[in-house]
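no sequence on this one, just coordinates:
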């Protein structure tokens, strides 16, 4: 009896130790909030991802208020979202360049009014069995928000805004739009995508932080690898990120690399962190940021502290 109780006690102590493991993680970005994942094999720019999702386990849609709220509640510090300007002067929060894949609408997203986009069912095209069933059809009607709605709903929320075009006119409109918000709210915003000229313009006009463009980040990686991890190139002092599979090839990853980024005044977010074992690969002393498509899966490891969007 004594041996049995001792074994049970030992097991209970071990479980408590495992459940209390914490990581010294930096900020966490939830990519598009809580959303439906899909098969990523052989993707192209023309691939419709809504018709290759895995069997859905929830009814949340990317880039919606509900998915963002779920992400913040799960421990995200930042939520990444996608935008398109509309012909009636708004910014629609939606990923796709065109409407046919995901919705019951047709045409280019930025050629519509926000009023029209509000009538669409953004769950219309989702299927996990090549169209034999559409379990989310009818459940996304009216859920596409404008960027103004997002900021009103989350006045303290932190957002990384993805520009989907290379149109300088969009940068001008976006810079002026973001510049209208209070300084405190603008401190909670970052922008990426587009071109370096667009990003620099938006940052200069609105005062928000901008990432380097994707080509520029790619050049930074080439510089890092050619310099044996000693030179950040144009990414010194910048906010940027990259996939774990590439970051692990950088000499000095992760500790020396992250220390060098921080010493220059920059930040780094490692991507492809979608499961607890991915965090294990980073190690318990990882000090950089994380970018995830599965914030709800990582949530138990992030619950030690409330998301930054709600603590200042």
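Thanks, I have it. Please read these numbers as outputs of a predicted model, since none were measured by experiment.

got the buried residues for stretch 52-67?
52, 53, 56, 60, 61, 62, 63, 64, 65, 67 (16 or more other C-beta atoms under 10 Å). To be clear about C-beta, it is placed using only N, CA and C from the backbone, and glycine gets the same treatment.

which pair of those residues spans the longest distance?
52 and 65 (25.2 Å; C-beta to C-beta).

where does residue 224 fall, phi/psi-wise?
phi -60, psi -50 (degrees, to the nearest 10).

numbering from 830 from now on, please.
I'll keep to 830 as the first residue from here, and by that count the last item is residue 1053.

in this structure it contacts residue 1060, no?
Yes: between residue 1053 and residue 1060 there is a contact at 6.6 Å, judged by C-beta atoms under 8 Å.

and the two? Which one has more around it.
Between residue 1053 and residue 1060, counted using other C-beta atoms under 10 Å, the more crowded position is residue 1053 (25 against 14).

got the contact list for the more buried one?
Residues near residue 1053 by C-beta atoms under 8 Å, 6 or more residues apart in numbering: 1060, 1061, 1062, 1079, 1086.

mind redoing it with 10 Å?
1059-1062, 1064, 1071, 1075-1076, 1078-1082, 1086, 1089 (C-beta atoms under 10 Å, 6 or more residues apart in numbering).

and if you look at residue 868?
Residue 868 neighbours (C-beta under 10 Å, 6+ apart): 876, 878, 881, 882, 883, 957.

CSV for those residues, including secondary structure and distance to residue 917?
What follows is these, written out as CSV (DSSP: H, G, I helix; E, B strand; the rest coil; distance: C-beta to C-beta, whole Å):
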residue, secondary structure, distance to residue 917
876, coil, 30
878, coil, 27
881, helix, 32
882, strand, 31
883, coil, 36
957, coil, 35
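
okay, who's weakest in the residues you listed by pLDDT?
Among the contacts of residue 868, residue 876 carries the weakest pLDDT, at 89.

what's around that residue, how many residues?
Count around residue 876 with other C-beta under 10 Å applied: 15.

also residue 1093?
12.

about what we covered before: tell me the residues that contact both of residue 1053 and residue 1060, please.
Shared contacts of residue 1053 and residue 1060, counting by C-beta under 10 Å, 6+ apart, come down to residue 1089.

point out where this protein drops to low pLDDT.
For the chain, the stretches flagged by pLDDT under 70 are 830-853, 1132-1141.

which stretches in it count as strands?
857-860, 907-914, 920-922, 988-992, 1018-1022, 1038-1039, 1068-1072, 1096-1100, 1118-1121 (DSSP state E).

do a quick rundown of the helices in the stretch 980-1129 of the chain.
997-1007, 1012-1015, 1025-1035, 1043-1055, 1073-1076, 1084-1092, 1105-1111, 1124-1131 (DSSP state H, counting those that start in this stretch).
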